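[1] sequence-free structure coming up:
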């Protein structure tokens, strides 16, 4: 079956309180993923599915760069997206190779810490952070602020034992659509994210790893992140800018509303999702 690129409508309806995407999702979308552990390893595999959907709609799809300096440990196998045969290998290299073999992508793995130099070498439409400490988040924030005009969105994922959050934001100086209110990033909304040191080393056993965190808190956070990014890329807009999760509460997920001021849609045309409704 031959895939054809659908025609874009010339205009679309503008809803109040909706944030419109600041770049053209029909062109190749550059994504930088920082951290390929409990949440990041699951986010990366969700990106494979999102890439397939974008390609089917005529987009050029995603190109992902994944950064993580750590090797897979025995205790990682229970809670992260790795197999026993992966133990000892670098996390980013292992999972990116698997995604490339599965989906035919040409994504890139970096077995290292993400730095300001990495950010300056290649702009990113979206930077996704899946780090587990205040100091790591400080380092990423410092790297991004060296050249904020090179990143459109910062999607931060975080969690503790049984709660988590996903925040979609923009840095001061990031590209914005006309009349669009800048989305506050994670450190705007929660300055305490700047505090804290790296947690002690990796768990020495699966029992310790499972006792520290709920087994399914990372999958919940990863799916919320993928859903939010998918809404932005597939529909060209989002009415929410984040999600808060609590696995011990009867209400497991609460959405964070997006901007309260209307924004004019960008001039490059309709969101990809509109094409799904066309005959």
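    Cool, the structure landed. Note that the structure is a prediction, hence the values are computed from the model and not measured.

[2] so where do the strands sit in the stretch 151-279 of the chain?
    Taking DSSP state E, counting those that start in this stretch, the strands of the stretch 151-279 of the chain run over residues 151-159, 163-169, 237-238, 240-246, 253-257.

[3] Ok, which of the ones you listed comes nearest residue 86?
    Closest approach to residue 86 among the strands of the stretch 151-279 of the chain (Cβ to Cβ): strand 151-159, 21.4 Å. To be clear about C-beta, it is placed using only N, CA and C from the backbone, and glycine gets the same treatment.

[4] that older thread, so can I have a markdown table of the strands of the stretch 151-279 of the chain showing distance to residue 65, mean pLDDT and mean neighbour count?
    Converted to a markdown table, the strands of the stretch 151-279 of the chain look like this (distance: least, Cβ to Cβ, whole Å; pLDDT from 0 to 100; neighbours: other Cβ atoms under 10 Å):
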| stretch | distance to residue 65 | mean pLDDT | mean neighbour count |
| --- | --- | --- | --- |
| strand 151-159 | 12 | 93 | 24 |
| strand 163-169 | 19 | 92 | 24 |
| strand 237-238 | 23 | 91 | 22 |
| strand 240-246 | 23 | 91 | 20 |
| strand 253-257 | 27 | 79 | 14 |
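
[5] thought residue 165 was touching residue 241?
    No - in this structure residue 165 lies outside contact range of residue 241 using Cβ atoms under 8 Å: 11.1 Å.

[6] and residue 45, which of the strands of the stretch 151-279 of the chain is closest to it?
    Residue 45 lies closest to strand 151-159 among the strands of the stretch 151-279 of the chain, at 14.0 Å (Cβ to Cβ).

[7] what packs against the closest one?
    Applying 3 or more Cβ pairs under 8 Å, 6 or more residues apart in numbering; DSSP states H and E, we find strand 151-159 packed against strand 124-129, helix 134-145, strand 163-169, helix 186-189, helix 217-235.

[8] if you set the cut-off to 7 Å instead, what comes out?
    Packing partners of strand 151-159 (3 or more Cβ pairs under 7 Å, 6 or more residues apart in numbering; DSSP states H and E): strand 124-129, strand 163-169, helix 217-235.

[9] helices or strands up against the shortest one?
    The one in question is strand 124-129. Here strand 124-129 touches strand 29-34, helix 134-145, strand 151-159, going by 3+ Cβ pairs under 7 Å, 6+ apart.

[10] any idea of the mean pLDDT for the second one?
    What it means is helix 134-145. Averaged over helix 134-145, pLDDT sits at 85.

[11] between that helix and strand 124-129, how many degrees?
    Here helix 134-145 runs at an angle of 170 degrees relative to strand 124-129 (axes from the mean of the first three to the mean of the last three Cα atoms, to 10 degrees).

[12] elements contacting helix 134-145?
    In terms of contacts (3+ Cβ pairs under 7 Å, 6+ apart), helix 134-145 is packed against helix 116-121, strand 124-129.

[13] Go through the last one and flag the buried ones.
    Neighbour-count burial for strand 124-129 flags 124-129 (criterion: 16 or more other Cβ atoms under 10 Å).

[14] Contacts for it, please.
    With Cβ atoms under 7 Å, 6 or more residues apart in numbering as the test, strand 124-129 has contacts from 23, 29-35, 43, 137, 140, 144, 150-157, 225, 229.

[15] Repeat the analysis, applying 8 Å as the threshold.
    Contact partners of strand 124-129, identified using Cβ atoms under 8 Å, 6 or more residues apart in numbering, comprise 23, 29-35, 40, 43, 65, 119, 136-137, 140, 144, 150-157, 225, 229.

[16] for it, the distance to its chain's centre please.
    6 Å (Cα atoms, centre = their mean, to the nearest Å).

[17] avg pLDDT for it?
    Averaging pLDDT along strand 124-129 yields 95.

[18] Okay, now the sheet partners of that strand, with direction.
    Here strand 124-129 is paired, per DSSP bridges, with strand 29-34 (parallel), strand 151-159 (parallel).

[19] so which of those strands comes closest to residue 107?
    When the strands paired with strand 124-129 are compared by Cβ to Cβ, strand 29-34 sits nearest residue 107, at 8.9 Å.

[20] angle of whichever helix or strand comes after that closest one against strand 163-169?
    Per DSSP states H and E, the first helix or strand lying C-terminal to strand 29-34 is helix 40-56. Inter-element angle recorded for helix 40-56 and strand 163-169: 40 degrees (by the same axes, to 10 degrees).
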